[in-house]
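Student: coordinates for the following, if possible.
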Amino acid sequence: MKKELFHNNNKGFSLVEAVLATAIFGLMVTGMVGALIYGRQSTFTTSTHGRAALIAEEGIEAVRNMRDNSFDNLENGTHGLTVSGTNWIFSGSSDLTDNYTRQIFIDSIDSNTKIVTTTVTWQATPQSNRMITLVTRFTNWIRLITQAQIFFADTSGALIGRPGNKELQGVTVENQGEFDITIDKMAVSWTDGGLQIKDIDINGSSVWSWNGAGSPAGKQNSGTEIDIVDVTLSQGSGVIPIDFFGFDGDTTGNTFDVLFSFSDGSTTTVNIVPGAGDTTPPDAISNFAASNPSATTIDLAWTAPGDDDASGTASSYDIRYSTSLISEASWASATQVLGEPVPSVAGSSETFTVSGLTANTTYYFAIKTDDEVPNTSAISNIPNSTTLTTSDTTP
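Tutor: Numbering: from 1, shown residues only. Next up, the predicted model:
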């Protein structure tokens, strides 16, 4: 009986072991299947998350490209993206790539800075949605460069010029940047406080005049801010001349400072030390001749001098006559003729007939030549001729 009882206990223990082994095996299989399923889900999740991140980063780069084309492209709001030609543009309020929905949110921080948020959402599983978000800032890097920084003024050719040395000439300006700039104000200062400015011309147009364009009206003192007619220097427009700054007196010996103000609020000051300008008068005429008198007329002839010495073309002649010898001292009291010819190029033959003379009278003649400044030549040689009596027609 005892042996039989012992034998029965061994059988019961084996059954328990079998049950436990089956349970453990079941748990192991369940764990392995769960781990496999979890691994596959994890791999899938990682894959979809990486895809979403790439789509979000593509959105950021698309906005960057749009900014580089023009900061004005970055309009505040919620946008989708599409490609037009070779450029990204905003389209709608979202865009769809496969099952990923992308939205671009843009808002302003200040006039030259935008905050850009890109979100991508997708259905990760039938029971859950996922989202990734990227945030960055974009600055208007072009506009962070001021108009003054890309403005260039060349004063190397500056000089004092016509008429009467009353103009500062020879200054040029240039836009050396990648966007348009606009000059809207100027303030000109000079060393002779007795002068006043009365005109500014740029590229063939009056941008301010004491009695015309711009403000304030009237001749202005040194340093006055002048609101000119806006001058836009377009990108790539090249060198633009400032034709002249006009004054009410001789500006010889002055130095100048010009404060340029631009439409973006930036400013720059340009110092100008002009050259002497044209100080060379025409040559004195040395072959001035009087001939062919009548009772009331005498013919004059001479060779044209130049603008500077004996070269170029002068601007005007001043012919005078008197019944007594003319000199520098008596020049102002001699009678000036009317209707002198316009000078021809240096070396040309010139003629003029003086009329309205008195018969049987000896007249002395003299001529001076002016250039455009005007620089005036010395007095010519002094020929003379006698008009005929009224009954004498033989020269």
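
Student: domains of the protein?
Tutor: 24-139, 165-272, 289-386 (automatic domain parsing).

Student: what about the shortest one, average pLDDT?
Tutor: To tie it back to what came earlier, the one meant is domain 289-386. Taken as a whole, domain 289-386 has a mean pLDDT of 92.

Student: and the contacts of stretch 321-333?
Tutor: With contacts defined as C-beta atoms under 8 Å, 6 or more residues apart in numbering, stretch 321-333 is touched by 320, 334-335, 337, 354, 361-366, 368, 378-379, 382. Every C-beta, even on glycine, is put in place using the N, C-alpha and C of the backbone.

Student: among the residues you listed, which are in strands?
Tutor: The members of the contacts of stretch 321-333 that map onto strands under DSSP state E are 320, 335, 354, 362-366, 368.

Student: which among those residues end up buried?
Tutor: Those of those that meet the buried threshold are 320, 354, 363-366, 368, by 16 or more other C-beta atoms under 10 Å.

Student: distance to residue 229 added to those, as CSV?
Tutor: Shown next, in CSV, are these (distance: C-beta to C-beta, whole Å):
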residue, distance to residue 229
320, 44
354, 48
363, 53
364, 53
365, 49
366, 47
368, 40
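
Student: can you name the two of those residues that are farthest apart?
Tutor: 363 and 368 (17.1 Å; C-beta to C-beta).

Student: paired strands for the one helix or strand residue 260 maps to, with orientation please.
Tutor: Here residue 260 sits within strand 256-262, counting by DSSP states H and E. When pairing is defined by DSSP bridges, strand 256-262 lines up against strand 181-190 (antiparallel), strand 267-272 (antiparallel).

Student: out of the buried ones among the ones in strands among the contacts of stretch 321-333, who's nearest residue 235?
Tutor: For those, the nearest to residue 235 is residue 368 (50.3 Å; C-beta to C-beta).

Student: helix, strand or coil for the nearest residue to residue 249 once chain neighbours are set aside?
Tutor: Excluding the flanking residues, the one nearest residue 249 by C-beta to C-beta, 6 or more residues apart in numbering is residue 195, at 5.1 Å. Secondary structure, DSSP: H, G, I helix; E, B strand; the rest coil: residue 195 is coil.

Student: please identify the buried residues of the strand holding residue 260?
Tutor: Applying 16+ other C-beta under 10 Å to strand 256-262 flags 256, 258-262 as buried.

Student: and the residues you listed, which two are the farthest apart?
Tutor: 256 and 262 (19.2 Å).

Student: all helices of the stretch 1-150 of the chain, in order?
Tutor: 2-69 (DSSP state H, counting those that start in this stretch).

Student: low-confidence ranges, it, go.
Tutor: 1-21, 23, 25-46, 142-143 (pLDDT under 70).

Student: try 50 this time
Tutor: Residues of the stretch 1-150 of the chain meeting the criterion pLDDT under 50: 1-8, 35, 37-39, 44.

Student: who's in contact with residue 78?
Tutor: Here residue 78 is in contact with 93-94, 103-105 (C-beta under 8 Å, 6+ apart).

Student: reformat those residues into a markdown table and put neighbour count and distance to residue 347 next to each item.
Tutor: Putting these into a markdown table (neighbours: other C-beta atoms under 10 Å; distance: C-beta to C-beta, whole Å) gives the following:
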| residue | neighbour count | distance to residue 347 |
| --- | --- | --- |
| 93 | 12 | 80 |
| 94 | 16 | 82 |
| 103 | 19 | 81 |
| 104 | 24 | 76 |
| 105 | 16 | 79 |
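
Student: that's all I had, so thanks and see you.
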